[in-house]
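Visitor: Provided below are the primary sequence and the corresponding predicted coordinates.
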Amino acid sequence: MNRANPDDLVHLLGRWASGRGPLYLLLTARLRALIDDGVLPPGQSLPPDRVLAARLAVGRGTVVAAYDLLQQEGRVTRRQGSGTRVAPGDPPAARTAEGVAANPLMLHLLHAPDGVRLLTCAAPDDPPQALFEAYQEAGARVAGLRDLGYQPAGDPSLREALAAHYSARGLRTTADQIMVTTGAQQALTLLAGLLVAPGDTVLTESPTYPGALEAFRHAGAVVKPVGLDDDRASRAVRERPALVYCVPTARNPDGAIMDDAARRRLAALAAEHGVPLIDDEVCAELCFSGGTPPPVAVFGGGEHVVTVGSLSKLVWGGLRVGWIRAAAPLVSRLARLRAVHDLGGEVFSQLAAVALLRRLDEVREARVRALRRRHDHLCAELRARLPSWTFEPARGGQTVWARLPRGDAGSFAQVALRHGVAVPPGGSFDPLGGHADHLRLHFLFPEEELSRAVIDLAAAWAAYDGAGKPVSRHALVV
């Protein structure tokens, strides 16, 4: 289909309206699939709004809304006088074999490139000795088990341990308010599946964790960015979104920490308007100050504040143990939903998590000490080798949010990949694809490897920007 032919496109769309949800979201989903699968190639013109609406027997607003959403995702371009076209270049998200959109950050999990330093996936790959010892203890406990091991809400001993953990942090919690999940990503997916219907609005910060954006989009939500630590949050929450998602502590991607006053305002807004608020605490134990700020639920909000946590960033990425702390009725509903999918998580790792929680202070101190050292090293290397880039040092977490002085981060990421470094562009962290001049860089590698990564980035920047002398990949100062 070389030119915009409405009849050809209608044929390709097939039974696009046969699903559940608003028509514009159903049309968006089908067009997105055609673009991501290459059926509608880059540069392909699409029919005008009115023409396609008439062929599909829908209102023009349905087509306009679908085109606008695809434009926000970077899949089409719309210009006065030249119409709507599929965006040039590779699509911003590929699709898995199941047809589910995959964020560019997640593609390296599915198809890891050879010979490339991955600054994309931020999770520790050096598990502490405490993890091995925890598995040994879990092995001894497994030997004495005499049950099926199917626990959709999680192993009872881990639920009790997590309840005690939150109670010690000033948030009184009982085991029936805890649900164990296979990592925090499953927690977000379950919450989105239960709380979000197609067409609902979800409010998030910008930038924010891209895995959450994918979970909300998969549920058919319209994700909107809003400043959650100022007065804009109050106006946005009054419109009653389906939920609000925030990362107030050691935020991914910039390591920012929300102050207590902002946490108190968010908790009050959730309670006042009856809007669920998800407090993502996955990186909360990684604050460089040494202390862990209180979860938002400490400041109120009652049953409307949901807390999500995980051991994957503190201990090891392969330890797929996460959890949800919420009102007991919500936990019960989530457990019923989870039972449909997998009947419950793997028990052995949950038993190891019980042992790790007893050694949480020890594990956290060692991890934070290493992260703070590597963070400072990365910042020093960036200042020395890429002085035109700007960034604020992180206050916690595992990543730095760097701004390019000019150009597009997505285009630069392609150049960086050819120089042996994979970096995630800022658009992946923005619901509307903004922050196109930013990159996220993790500092999980040892210092020598971080230096080599920055040297490669500097060489890539010299090639991309066309200014300055390329940096030798073998010149290394540690």
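Guide: Happy to help now that I have it.
Visitor: CA atoms for contacts and neighbours, from now on please.
Guide: Will do.
Visitor: show me the contacts for the spatially closest residue to Ala394 that is not a sequence neighbour.
Guide: Of all residues not flanking Ala394 in the chain, Gly255 sits nearest, at 4.5 Å (CA to CA, 6 or more residues apart in numbering). Gly255 is in contact with Thr249, Pro393, Ala394, Arg395, Gly396, Gly397, Gln398, Thr399, Val400, counting by CA atoms under 8 Å, 6 or more residues apart in numbering.
Visitor: is it true that Gly255 lies in a strand?
Guide: No: the assignment for Gly255, made by DSSP: H, G, I helix; E, B strand; the rest coil, is coil rather than a strand.
Visitor: and the gap between it and Arg333?
Guide: Going from Gly255 to Arg333 by CA to CA, to the nearest Å gives 33 Å.
Visitor: do the same with Arg55
Guide: For Arg55 relative to Arg333 (CA to CA), the value is 42 Å.
Visitor: now do Ala256
Guide: 33 Å.
Visitor: Tell me if I'm right that Ala453 and His419 touch.
Guide: No: using CA atoms under 8 Å, Ala453 is not in contact with His419; the gap is 9.5 Å.
Visitor: more neighbours, those two?
Guide: The residue with more neighbours, out of Ala453 and His419, is Ala453; 26 against 21, by other CA atoms under 10 Å.
Visitor: which SSE is that one in?
Guide: Taking DSSP states H and E as the definition, Ala453 sits inside helix 447-465.
Visitor: how about that helix: buried residues?
Guide: 447, 450-464 (16 or more other CA atoms under 10 Å).
Visitor: Pick out whichever of the residues you listed sits closest to Arg50.
Guide: Tyr464 (41.2 Å; CA to CA).
Visitor: Could you list the low-pLDDT ranges of the stretch 101-250 of the chain?
Guide: Residue ranges of the stretch 101-250 of the chain with pLDDT under 70: 101-114, 230.
Visitor: Could I get the full set of strands for it?
Guide: With DSSP state E, counting those that start in this stretch as the criterion, the stretch 101-250 of the chain has strands at 101-102, 117-118, 178-181, 201-204, 222-225, 243-246.
Visitor: which one of the ones you listed is the most hemmed in?
Guide: The highest mean neighbour count among the strands of the stretch 101-250 of the chain, using mean count of other CA atoms under 10 Å, belongs to strand 178-181: a mean of 29.
Visitor: got the contact list for that strand?
Guide: In contact with strand 178-181 (CA under 8 Å, 6+ apart) are residues 152-155, 158-159, 162-163, 187, 321-326, 328, 331, 334-335, 344-345.
Visitor: How far away from the center of its chain is that strand?
Guide: Centroid separation for strand 178-181 versus its chain: 19 Å, with CA atoms, centre = their mean, to the nearest Å.
Visitor: For it, which strands pair with it and how are they oriented?
Guide: Sheet neighbours of strand 178-181, with direction, are listed as strand 322-325 (antiparallel) (DSSP bridges).
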